[in-house]
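**Q** I'll drop the sequence and a predicted model, then ask my questions.
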Amino acid sequence: MGYFDKVESIYPSLTKSERKVADYIKDNGENVVFMSIKQLTEDIKVGDATVVRFYKKVGYTGFQDLKMDLAKEDFSEKYDDSDNYIEKIALNYKEIIESTKSLVDSDKIKKFVEKIKEYKKVFFYGIGASGLAAQEAEMTFFRAGLHTKAIIDSHFQAMNSAILDDECMVIAFSLSGTTADIYDALKIAKDNGAYIVVITNYLLSPVGELADIIFTTSKKESLLEGGSLSAKISQLYIIDILCTAYSLTDKEKYLSARSKSAMAILNKRKD
């Protein structure tokens with residue numbers, strides 16, 4: 001995981017002064033790699049202790065470690081000044097996939113696959129644009145032979161959570177990790193013993209803190225980008241990874257489920 005991915009994953013949990021450090025480094029990363037802590041604090045107008053707290057919270061043992069990671073980042077312009085939006089969009093999707101890939105933890109995937117086999121019912125929660133990801137996940141895992149249900153209405157999520165037990169798993173989508181309705185529904189589900197999986201951009205978000213397993217996506221949305229298709233790409237990528245990993249553990253069951261689903265559709269067709 002690169003420096004910027006690490007920072008963006010915990011950004012909401014940073015204090016106001018720590019965010020000043022993060023924002024300064026984001027805008028001046030090329031120069032920060034040559035700075036001392038003293039130079040950095042003088043430019044930002046914060047104390048040494050703030051910088052120390054910041055780099056420790058991000059996961060570094062020292063300022064030199066942070067600068068080493070920072071030096072590996074590409075600060076060149078991502079796009080030229082042309083109007084070739086087709087290439088820009090393709091490049092954006094490619095970067096989202098690559099960045100999300102760097103966040104994937106194979107140990108968590110293995111744990112997820114082992115756990116999902118234990119549960120009789122799997123529910124997918126998402127609201128708004130993330131509800132579309134939940135619906136896609138429902139269909140993807142259903143075709144793999146699991147009994148799944150996507151619930152994208154906040155009231156139904158709360159009611160469903162109220163009747164769950166320890167034989168149920170809930171997989172929730174929230175890019176921000178701060179969606180109040182998702183948090184409330186997950187809290188009810190967790191209190192009732194359900195196993196919680198969260199797919200979000202931010203590890204230390206309120207929704208993320210309820211998770212038994214958390215998978216981090218890469219695309220961050222500004223307020224003006226809410227609901228963007230590019231943000232869904234990272235969610236769909238994680239869905240595909242998890243379902244593929246599950247399917248590979250029992251190929252015969254997977255192929256049988258796919259075959260039965262296909263035949264059911266074919267039998268409904270009338271020539």
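**A** That came through fine.
**Q** Can you give me the neighbour number for residue 62?
**A** 12 (other Cβ atoms under 10 Å). Where C-beta positions appear, they are placed from N, C-alpha and C, glycine not excepted.
**Q** Can you give me the pLDDT of the residue nearest to residue 13 when sequence neighbours are not counted?
**A** Leaving aside its chain neighbours, residue 13 sits nearest to residue 204 (4.0 Å; criterion: Cβ to Cβ, 6 or more residues apart in numbering). Note on residue 204: pLDDT of 80.
**Q** my guess is residue 204 meets residue 12, correct?
**A** Yes - look at residue 204 against residue 12 with Cβ atoms under 8 Å: they come within range, at 6.9 Å.
**Q** Residue 146 in helix, strand or coil?
**A** Here residue 146 is recorded as coil under DSSP: H, G, I helix; E, B strand; the rest coil.
**Q** Pull up the gap between it and residue 243, please.
**A** 9 Å (Cβ to Cβ, to the nearest Å).
**Q** And for residue 209?
**A** From residue 209 to residue 243 the distance is 25 Å (Cβ to Cβ).
**Q** Secondary structure element holding the residue nearest to residue 13?
**A** Counting by DSSP states H and E, no helix or strand carries residue 204.
**Q** and it, what are its phi and psi?
**A** phi -100, psi 20 (degrees, to the nearest 10).
**Q** Now do the same contact list for it.
**A** 9-10, 12-13 (Cβ atoms under 8 Å, 6 or more residues apart in numbering).
**Q** quick one: which of residue 209 and residue 243 has more around it?
**A** Between residue 209 and residue 243, residue 243 has the larger neighbour count (other Cβ under 10 Å), namely 20 against 14.
**Q** Confirm for me that the more buried one is in contact with residue 142.
**A** No - in this structure, residue 243 is not within contact of residue 142 by Cβ under 8 Å, at 9.9 Å.
**Q** low pLDDT regions in the stretch 151-271 of the chain?
**A** 219-228, 254, 269-271 (pLDDT under 70).
**Q** Break down this protein into its helices, ranges please.
**A** 3-10, 16-32, 37-44, 48-58, 63-71, 85-103, 106-116, 129-143, 154-162, 180-191, 229-248, 251-268 (DSSP state H).
**Q** Tell me which of those lies nearest to residue 172.
**A** Residue 172 lies closest to helix 180-191 among the helices of the chain, at 5.5 Å (Cβ to Cβ).
**Q** Show me what counts as buried in the closest one.
**A** Within helix 180-191, the residues scored as buried using 16 or more other Cβ atoms under 10 Å are 181-183, 185-190.
**Q** Residue 119: how many residues sit nearby?
**A** 17.
**Q** List the residues that contact it.
**A** Counting by Cβ under 8 Å, 6+ apart, residue 119 has contacts 167-169, 195.
**Q** Just the buried residues of those residues.
**A** Using 16+ other Cβ under 10 Å, the buried members of the contacts of residue 119 are 168-169, 195.
**Q** can you put these in CSV and add distance to residue 51?
**A** Below are these laid out as CSV (distance: Cβ to Cβ, whole Å):
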residue, distance to residue 51
168, 45
169, 41
195, 39
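**Q** Identify, from the residues you listed, the entry nearest to residue 135.
**A** Nearest member of those to residue 135, counting by Cβ to Cβ, is residue 169, at 17.0 Å.
**Q** What's opposite the closest one in the beta bridge?
**A** Judged by DSSP bridges, the bridge partners of residue 169 are residue 122, residue 195.
**Q** how much space between it and residue 200?
**A** The gap separating residue 169 from residue 200 is 16 Å, by Cβ to Cβ.
**Q** Next: residue 253.
**A** Residue 253 is 30 Å from residue 200, by Cβ to Cβ.
**Q** Appreciated, that's everything.
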